[in-house]
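Q: only geometry, no sequence info:
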Ligand code: HEM
């Protein structure tokens, strides 16, 4: 009784009644958890937040943007740590595992890896990703023409190819990279292994602990693959520069000479993680774009009309973005209506604090509930419906001019807060403009006819997985080329881009080989450095493998 009274202290923050130790874990469903959090928000969150508990852990659910601003931005100094994820080894990198930047505590590994990631993404954005997004969007359009029923896999593959190209100059790695990203995403999600919710199970001895054994295998495979990618890239460079511009090459050639990244192992992790994080994050809104366009043909027509007029018949590029506000409004409204990280990503407090008169103990998880922010009826009237006009017409609370600049997805609550704010906002916006623009230019996206029932296959609006980053459950739809001419043109664009890419690679490799034969390239000693570093790397990697993760 005493314990019950203590955790339900009437002077504490509001929230649902807690049971000793388990808190409210018994009626928090694993699936669609964000809906239950929102239900509690409607009952208890009048002040913009409420508290709950889970197996002894304090959670403050933030349901209002102003409170998120106060706690996560203004008090970022001590509210930017991350909670431990039980089913990963050393998820916070407190023991020096250095592996998962987005999950790290606010420590030195996080600080230097965030700096490097930010610099690399910014540089790639400034050079428009060396055309990689256009190339992959064209490949995807051709794939959709030739094999439309495989659209969900080819969509993820497009996002993965962009990241593998930017990271290792090798789009053929996309299949493995996607699988690897899935493995990590599942492992870190509350709806993944049961040990993320019933955390004490994780501490069973290894011989009777299937969860830990499975994670050991997943972890070791993933880190070995990251290391192999890194060393293979370096080998290729040492054998005649057979790698074009990419983040790994940039690290080996330039950054490694002046960085505080500790060495090859850490480099392979920060670079590998960067490749992974850009797959499902972008694939989510892109999948929801398909769902939305099927349900709102009038908005699809408006986007197509805008593209046809403003791009004069061309497939849109990033240069066209300022002239395409309807496209940008539909992208932003898709992300508002169907956010792909609906619970938000938790921060953890590093100091005791008092907020609005309520005591918040050190170690509290702060959960910025994106589903609640994006369904706030004051900011988003008619929040449950897809209304892109809220970004386009004066009179709506979210309207902002000029339309050449707004709407933009940059700064949306979905990208998080303060010191931990997402580093991929520009990349996401650019990839969505290119990919959604290409879809609108090439296809009419429609429901698919089911001859067995004589009706269309349903395209559900509310069926998804419940991982931390969600995507819609498999569905069927049709990709109808807008005309025979458009179809031919899309296929031609891909053939042309593919041929150019092959020719560029061949020319680059030939020149690099020639330069190596005539010893022009190694005059800066790069290859000697690389040869030496290779030995260091093998030593270091042997060390890392024997050190292993903290079990
Ligand atoms: C729709 C797309 C995306 C969404 C909704 C999203 C959302 C988020 C969220 C909610 C966080 C945590 C923020 C916080 O803790 O306050 C985050 C962190 C991060 N995101 Fe994204 N993200 C997206 C795309 C990307 C992409 C494409 C990349 C990179 C290519 C990326 C890289 C990162 C990184 C590196 C972090 C960790 C930042 C840190 O912990 O300091 N994200 N993202």
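A: Perfect, thanks for sending it. Every value quoted in this text rests on a predicted model; they were computed, and no experiment measured them.

Q: now do the contacts for the nearest residue to residue 128 once chain neighbours are set aside.
A: Spatial nearest neighbour of residue 128, chain neighbours left out: residue 318 (5.8 Å); criterion: C-beta to C-beta, 6 or more residues apart in numbering. Every C-beta, even on glycine, is put in place using the N, C-alpha and C of the backbone. Residue 318 is in contact with 128, 133, 430, 433-434, counting by C-beta atoms under 8 Å, 6 or more residues apart in numbering.

Q: tell me the buried residues in the helix or strand containing residue 174?
A: For residue 174, the host element (DSSP states H and E) is helix 174-188. For helix 174-188, the neighbour count (16 or more other C-beta atoms under 10 Å) marks 174, 177-178, 180-181, 183-188 as buried.

Q: reformat the residues you listed as JSON lines; add pLDDT and distance to residue 7.
A: Formatted as JSON lines, these follow (pLDDT from 0 to 100; distance: C-beta to C-beta, whole Å):
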{"residue": "174", "pLDDT": "98", "distance to residue 7": "48"}
{"residue": "177", "pLDDT": "98", "distance to residue 7": "44"}
{"residue": "178", "pLDDT": "98", "distance to residue 7": "43"}
{"residue": "180", "pLDDT": "98", "distance to residue 7": "40"}
{"residue": "181", "pLDDT": "97", "distance to residue 7": "38"}
{"residue": "183", "pLDDT": "98", "distance to residue 7": "36"}
{"residue": "184", "pLDDT": "98", "distance to residue 7": "34"}
{"residue": "185", "pLDDT": "97", "distance to residue 7": "32"}
{"residue": "186", "pLDDT": "97", "distance to residue 7": "31"}
{"residue": "187", "pLDDT": "98", "distance to residue 7": "30"}
{"residue": "188", "pLDDT": "97", "distance to residue 7": "27"}
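
Q: just the residues you listed that are near the ligand?
A: Residues of the buried residues of helix 174-188 in contact with the ligand (C-beta under 6 Å from any ligand atom): none.

Q: from the residues you listed, which is closest to residue 13?
A: Of all those, residue 13 sits closest to residue 188, with 26.9 Å by C-beta to C-beta.

Q: and the gap between the closest one and the ligand?
A: 12 Å (C-beta to the nearest ligand atom, to the nearest Å).

Q: next: residue 518.
A: Where the ligand is concerned, residue 518 sits at a distance of 38 Å (C-beta to the nearest ligand atom).

Q: residue numbering should commence at 845 henceforth.
A: Okay, residue one is now 845; in that scheme the one you just asked about reads as residue 1362.

Q: now for residue 1322, how many residues are close by?
A: 17 (other C-beta atoms under 10 Å).

Q: quick one, what contacts the residue nearest to residue 1242 when sequence neighbours are not counted?
A: Excluding its sequence neighbours, the residue lying closest to residue 1242 (C-beta to C-beta, 6+ apart) is residue 1234, at 5.1 Å. Going by C-beta under 8 Å, 6+ apart, residue 1234 touches 1177, 1224-1225, 1240-1243.

Q: for the ligand, give me its nearest residue in the stretch 1295-1395 of the chain.
A: residue 1313 (7.4 Å; C-beta to the nearest ligand atom).

Q: hang on, that residue is in a strand, isn't it?
A: No - remark: residue 1313 does not belong to a strand; assigned using DSSP: H, G, I helix; E, B strand; the rest coil, it is coil.

Q: show me where the stretch 1095-1244 of the chain has its strands.
A: With strands called from DSSP state E, counting those that start in this stretch, the stretch 1095-1244 of the chain shows them at 1191-1192, 1197-1199, 1202-1204, 1209-1212.

Q: mean neighbour count and distance to residue 936 for those strands - can I get that in a markdown table?
A: What follows is the strands of the stretch 1095-1244 of the chain, written out as a markdown table (neighbours: other C-beta atoms under 10 Å; distance: least, C-beta to C-beta, whole Å):
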| stretch | mean neighbour count | distance to residue 936 |
| --- | --- | --- |
| strand 1191-1192 | 25 | 9 |
| strand 1197-1199 | 13 | 20 |
| strand 1202-1204 | 17 | 20 |
| strand 1209-1212 | 24 | 13 |
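
Q: could I get the ones you listed as TSV with distance to residue 1056?
A: Shown next, in TSV, are the strands of the stretch 1095-1244 of the chain (distance: least, C-beta to C-beta, whole Å):
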stretch	distance to residue 1056
strand 1191-1192	23
strand 1197-1199	34
strand 1202-1204	32
strand 1209-1212	23
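
Q: which one, of the ones you listed, ends up nearest to residue 906?
A: Comparing the strands of the stretch 1095-1244 of the chain under C-beta to C-beta, the one sitting nearest is strand 1209-1212, at 4.8 Å.

Q: touching the ligand at all, the closest one?
A: No - using C-beta under 6 Å from any ligand atom, strand 1209-1212 stays clear of the ligand, coming no nearer than 6.6 Å.

Q: summarise which helices and strands that strand is packed against.
A: For strand 1209-1212, the packing partners by 3 or more C-beta pairs under 8 Å, 6 or more residues apart in numbering; DSSP states H and E come out as strand 901-906, strand 1191-1192.

Q: got the contact list for the last one?
A: For strand 1191-1192, the external contacting residues (C-beta under 8 Å, 6+ apart) are 916, 923-927, 949, 1207-1210, 1212, 1261-1262, 1264.

Q: likewise for the first one?
A: The set of residues external to strand 901-906 that reach it, using C-beta under 8 Å, 6+ apart, is 857, 867, 881, 884-885, 889, 892-897, 912, 915-916, 927, 1188, 1190, 1204-1205, 1207-1213.

Q: closest to the ligand among the contacts of residue 1162?
A: Closest to the ligand, out of all of these and judged by C-beta to the nearest ligand atom, is residue 1274, at 9.6 Å.

Q: ok, and the closest non-adjacent residue to that closest one?
A: Closest to residue 1274 by C-beta to C-beta, 6+ apart is residue 1162, at 5.8 Å.

Q: do residue 858 as well
A: residue 888 (4.5 Å).

Q: that older thread, in a markdown table: the strands of the stretch 1095-1244 of the chain, plus mean pLDDT.
A: Formatted as a markdown table, those follow (pLDDT from 0 to 100):
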| stretch | mean pLDDT |
| --- | --- |
| strand 1191-1192 | 98 |
| strand 1197-1199 | 97 |
| strand 1202-1204 | 96 |
| strand 1209-1212 | 98 |
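
Q: what's the closest of those to residue 989?
A: Using C-beta to C-beta, the nearest of the strands of the stretch 1095-1244 of the chain to residue 989 is strand 1209-1212, at 40.8 Å.

Q: who touches that closest one?
A: 881, 901-906, 912, 915-916, 923, 927, 1187-1193, 1257, 1260-1261.

Q: with stretch 1046-1060 instead?
A: For stretch 1046-1060, using C-beta under 8 Å, 6+ apart, the contacting residues are 930-933, 1031, 1037-1039, 1045, 1393, 1395.

Q: if anything else comes up later, I'll come back, but that's it for now.
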